[in-house]
Every structure is written in structure tokens, then in C-alpha cells.
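[1] mind looking at a prediction? Sequence and model below.
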Amino acid sequence: MKEKIDKINALKKEKNAVIMAHYYVKDEIHEVADYIGDSYFLSEKATQVEADTIILCGVSFMGEGAKILNQKKTVLMPDASADCPMAHMATAESIAKVREKYNDVAVVCYVNSNAELKRNADVCVTSSNALKIVKALPNKYIYFIPDKNLGRYVAEQVPEKEFIFNDGCCPVHAKLTKEDVLKAKEAHPNAALLVHPECEKEVVELAEYAGSTAGIISYATASDKREFIIGTELGVMCELKKNNPEKEFYPLTETLICPDMKKITLDKIIDSLEKNTFEVDLEEQFAKEAHAPLVRMLELAK
Ligand code: 13P
Ligand code: SF4
């Protein structure tokens, strides 16, 4: 593995490339990442990096997001098939229908969405800023796409607005159940449960904290508690353990693996750097239209 890491570091220099990775990717990728974080961090960073090429280790909405925010740079995805199923769980047609029915509606699009959805939205959000942004919008109605669970989680905290939900969800987080929680709590009675808001209500209700991956890591790091049950994709364990070697982290279930995030390997990064594959290519006008809702997010999240 050391050999591959050295090779990647040399290629990065040669190509003036940076590696940006989401927490969920395999531990070995954390070793070579220049920037590692949650979706919001990666979006913001994409507007700031100076390198010519960004290697985005994550799923395709992240690569598209980096390209939309930085259209002059080359953005490469080491595995072109790494995709988030939820990113396709709404349609431009459903947006058009909602816009027809409600005058004063804001279409709020979770960044876990393809560029076609983003370009039809009014503003994007991530799990770390959705609440703040929805509260700041002047509109009475919010059409929240594509995740019904994050939408519900935000709606519960903004009773003054009326939400229209969409029937999408994350297949990894949404399969967690109350029974999983009770079992984990029985096994670790002193542990605090930290979950991602992509989980169902029955799971979020039993958590001490719900938030983005970066939020979960900060919460556990700042907490006086020593034991935590983690209700999000298990890639976060790497950063949690690195920051908190004296604390214990238990997976809520062993099934919390996002298969697409795990497609990225060191070999694929080497290929990507050597062959310039797989370039994120978005039509200029299309990218321009998707740019506005992302920029509005970055402004409102400040
Ligand atoms: P974050 O917004 O915490 O980065 O999560 C992204 C994601 O894909 C959750 O499943
Ligand atoms: Fe998409 Fe869920 Fe994977 Fe996150 S964990 S990238 S929401 S499938």
C-alpha cells in the first residue's frame, strides 16, 4: 500500500492535482486525500482550490458539484459508476407540477441530487445547513427533494412553513429501524447514539444527536461521553477514531456501508491521474443553470 500511496503523491505533484474525498470512502483513500470532509465542506473547498485538477473521491453528485462550482478546472472521478441512488429519486416533471400548484414555493434540493434536479431548484442544501437555509427563505411553501427523511427532519423544526415532500430516501440509512437501535443500546447501555438525518423518524427520535457526517464527528469529539453508537455510513469511523483514540465507537449495524462510496480504490486513483479518467463533463449552459442554486447555498450557509 505504501508504494501506491507514494505513487499517487508523486503523480499529484506532477499533474498539479488535489484529491478531495468524502468521509465515507475506504480508509486507504483517507491516507491520500488532501481534503476530506462532508458534502458541504467539499462544495465549499471546490471553489477555493488552486490546483488544475480535482480528483473527487465520492459519488457522482459530488464530482458534478465540484465541476459546476469550478467549471474551468478538470474534475476527475476515479470510478465513473460510483453514484448515489437517491440523487435520481425526483424528477424535473414533479418540480414543474409543484411550481404550477403553489405560487409561493421554494424548491429546496439536497445536494445528493443529479445536476438536472439542481438546475430546476431554487436553492441547494446539505445536511449541515438545510435547517439554516430553509429558515432563511422567504417562501411559505417548501418542496424538499429528493430525501423525504431530511425533509421531514427539517420540517419538524420549521413549523411556520408548509412542506411538500418527495418520496426519495437513502437506501443505506433508511433501512435502519427502531429495533436496530434498541439492540445496539442494549449491547452498549452507556453509549450515546449519533445519527444522520437521512434515517427514518423512529431512529432519529431515539438519538442524542442528529446531523451531518462532519456534525457527528464534531459532536463526538466535543462530548464528555466515552462511548458512541454511530448511525451513519461506517466510513466516518476512520476520522472518529483518529480524532478520539481514547473513545469507543460502535456501528449501529454492520450494514451501514454505501457500496458506491466504496468503489473508489488506490488503483483507480492511480489510473485516474495517469489517464485523466473519468472526466466530469457538463454542457456549459446546463452547468451554468445548476450553478446558481449551489452558489445561493454557499451564500446562505455563511
Ligand atoms: P453529508 O452531508 O453528511 O456529507 O452526507 C452525505 C451523504 O451522502 C449522507 O449519506
Ligand atoms: Fe447516497 Fe446514501 Fe450513499 Fe449517501 S450513503 S451517497 S445518500 S446512497
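    All right, it came through fine. Ligands and ions are numbered 1, 2, ... in the order given.

[2] does I68 touch E283 like I think?
    No - counting by C-beta atoms under 8 Å, no contact exists between I68 and E283, whose distance comes to 11.3 Å. Glycine gets a C-beta too; all of them are placed from N, C-alpha and C.

[3] so those two - more neighbours on which side?
    The neighbour comparison of I68 against E283 (other C-beta atoms under 10 Å) goes to I68, with 27 against 9.

[4] what about the closest residue to I145 other than its chain neighbours, distance to ligand 1?
    Among residues not flanking I145 along the chain, A90 sits closest, at 3.9 Å (C-beta to C-beta, 6 or more residues apart in numbering). For A90, the distance to ligand 1 equals 16 Å [C-beta to the nearest ligand atom, to the nearest Å].

[5] number of nearby residues for the closest residue to I164 other than its chain neighbours?
    Residue nearest to I164 in three dimensions, not counting chain neighbours: Y143, with 4.6 Å by C-beta to C-beta, 6+ apart. Other residues lying near Y143 total 25 when counted by other C-beta under 10 Å.

[6] got the phi and psi for Y143?
    For Y143, the backbone dihedrals are phi -100, psi 110 (criterion: degrees, to the nearest 10).

[7] equivalent analysis for H188, please.
    Taking degrees, to the nearest 10, you get phi -130, psi 70 for the backbone angles of H188.

[8] quick one: contacts for it?
    H188 is in contact with 227, 229, 250, counting by C-beta atoms under 8 Å, 6 or more residues apart in numbering.

[9] between the residues you listed, which is closest to Y209?
    Proximity of those to Y209 (C-beta to C-beta) peaks at I229, which lies at 10.9 Å.

[10] can you tell me the element the residue nearest to I145 falls in?
    In this assignment (DSSP states H and E), A90 forms part of neither any helix nor any strand.

[11] ok, it - how many residues close by?
    Other residues within reach of A90, judged by other C-beta under 10 Å, total 26.
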